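# sharing a model prediction with you, sequence too.
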Amino acid sequence: MASSSFFRRLWGRWSWTNGPWTNGTSEDVDPQELNELDQYVWQAAWLNDSTRRLMIRWSKDFISSKHWEGCNGFRITPEVKKTVALNASLLILAYPTWIFPSTRTILIYPRPYKARSRGGDLHHGLGGEFYRSGETHARGPVTLNWYDIQRALYRDNDGDHLVLHEFSHQLDMIDDPHADGLPPLPKGIDADRWKSEFQHEFLSARDAIARGEELVINDYGLTHPSEFFAVASECYFQMPWDLREYQPEVYTLLREFYITDLAQAMDTP
Ligand SMILES: [Zn+2]
């Protein structure tokens, strides 16, 4: 877990006024890498050229700074690393100096895996063995499975995106190991207001479900504010039009943080 002061140092190195995607040169990215980006991240087709190149450069730093380990016989290949890294880069488009330093190890299973819970947590109250798609800890590894990672490589898959889910938890825990749905916010955002609006949207969504309404954000996102942030982040990038159409306040709130407005980009053919 990175301390607040560490994060502030990181933050200080990034200039808000520069905005995202203004650095880099065209020579440091191979055309083949741009093809791979489109293959692994469908959203990239709607991002501008400098953004796409920054994603590739960032993914290389991310890949080289992590320890990768396959579980239950799963073999980590360059394709696996690029798929995870390039998709995770969607979350940091506005914060390219942020490389998830507290994530040292990435474990990948071939498919959802059985794990024992001691119980007492939000989802496994009685304890026991449960199938999991992935998990993340403030100081521990990020665990994923290849089957679910691949399900997110296509549009309109129902909004699930395992990589974005687990790494948005990492964003959430940058300044506080207890995930609460509140990532560190840049100076341009009033943290008290953002937190208040976020809490309002979380509770409103719960009320709507209780009234029998359907939401873009699925039920799992209503179990805890941290899950609301993670699932909303999945929807923000995986079903941007739907989230903007049906839960516009949530979309607007996340746009303040993520900056990249994929729904707007996709409005233009
Ligand atoms: Zn979660």
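Arrived safely, thanks for sending. Note that the structure is a prediction, hence the values are computed from the model and not measured.

# right, and Trp146 touches Arg75 too?
No: assessed by CB atoms under 8 Å, Trp146 is found out of contact with Arg75, at 9.7 Å. Backbone N, C-alpha and C define where each C-beta goes, glycine included.

# those two: who's more crowded?
Neighbours per residue, other CB atoms under 10 Å: of Trp146 and Arg75, the larger number sits with Trp146, 20 against 9.

# what segments of the stretch 51-200 of the chain are strands?
Taking DSSP state E, counting those that start in this stretch, the strands of the stretch 51-200 of the chain run over residues 67-70, 105-109, 113-117, 128-132, 135-136, 142-145.

# point out the residues in the stretch 151-269 of the chain that sit beside the ion.
227, 230 (CB under 5 Å from the ion).

# shaky segments in the stretch 151-269 of the chain?
269 (pLDDT under 70).

# and stretch 206-217, end to end?
10 Å (CA to CA, to the nearest Å).

# can you list contacts of it?
For stretch 206-217, contacts defined as CB atoms under 8 Å, 6 or more residues apart in numbering pick out 159, 205, 219, 222, 228, 231-232, 235, 239, 242-243, 246-247, 250.

# distance of His178 from Gln247?
Taking CB to CB, to the nearest Å as the measure, His178 falls 26 Å from Gln247.

# er, Asn72 actually
Between Asn72 and Gln247 the computed distance is 37 Å (CB to CB).

# residues contacting the residue nearest in space to the middle of the chain?
Taking CA atoms, centre = their mean, the centroid of the chain lies closest to Leu164, which sits 2.9 Å from it. Counting by CB under 8 Å, 6+ apart, Leu164 touches 87-88, 90-91, 152, 230, 233-234, 237-238.

# let's see which of those end up in helices.
87-88, 230, 233-234, 237-238 (DSSP state H).

# follow-up on the earlier one: more neighbours: which of His178 and Gln247?
Gln247 (22 against 9).

# show me what contacts that one?
Applying CB under 8 Å, 6+ apart, we find Gln247 in contact with 201, 205, 215-217, 235.

# what about dumping the CA coordinates of stretch 243-252 to PDB?
Taking C-alpha atoms only, stretch 243-252 is exported to PDB below (Å, rounded to 0.1, in the frame of the first residue of the first chain):
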ATOM      1  CA  LEU A 243     -24.100   3.900 -18.300                       C
ATOM      2  CA  ARG A 244     -24.400   7.400 -19.700                       C
ATOM      3  CA  GLU A 245     -27.900   6.800 -20.900                       C
ATOM      4  CA  TYR A 246     -29.400   5.000 -17.900                       C
ATOM      5  CA  GLN A 247     -27.300   6.200 -15.000                       C
ATOM      6  CA  PRO A 248     -26.000   9.600 -16.200                       C
ATOM      7  CA  GLU A 249     -25.100  10.900 -12.800                       C
ATOM      8  CA  VAL A 250     -22.700   8.000 -12.200                       C
ATOM      9  CA  TYR A 251     -21.200   8.400 -15.600                       C
ATOM     10  CA  THR A 252     -20.600  12.100 -15.000                       C
END
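
# tell me the buried residues in that stretch?
Using 16 or more other CB atoms under 10 Å as the test for burial, stretch 243-252 gives 243-244, 246-247, 250-251.

# state the distance from the closest residue to Met239 other than its chain neighbours to the ion.
Nearest non-adjacent residue to Met239, counting by CB to CB, 6 or more residues apart in numbering: Gly159, 4.5 Å away. Separation of Gly159 from the ion (CB to the ion, to the nearest Å): 14 Å.
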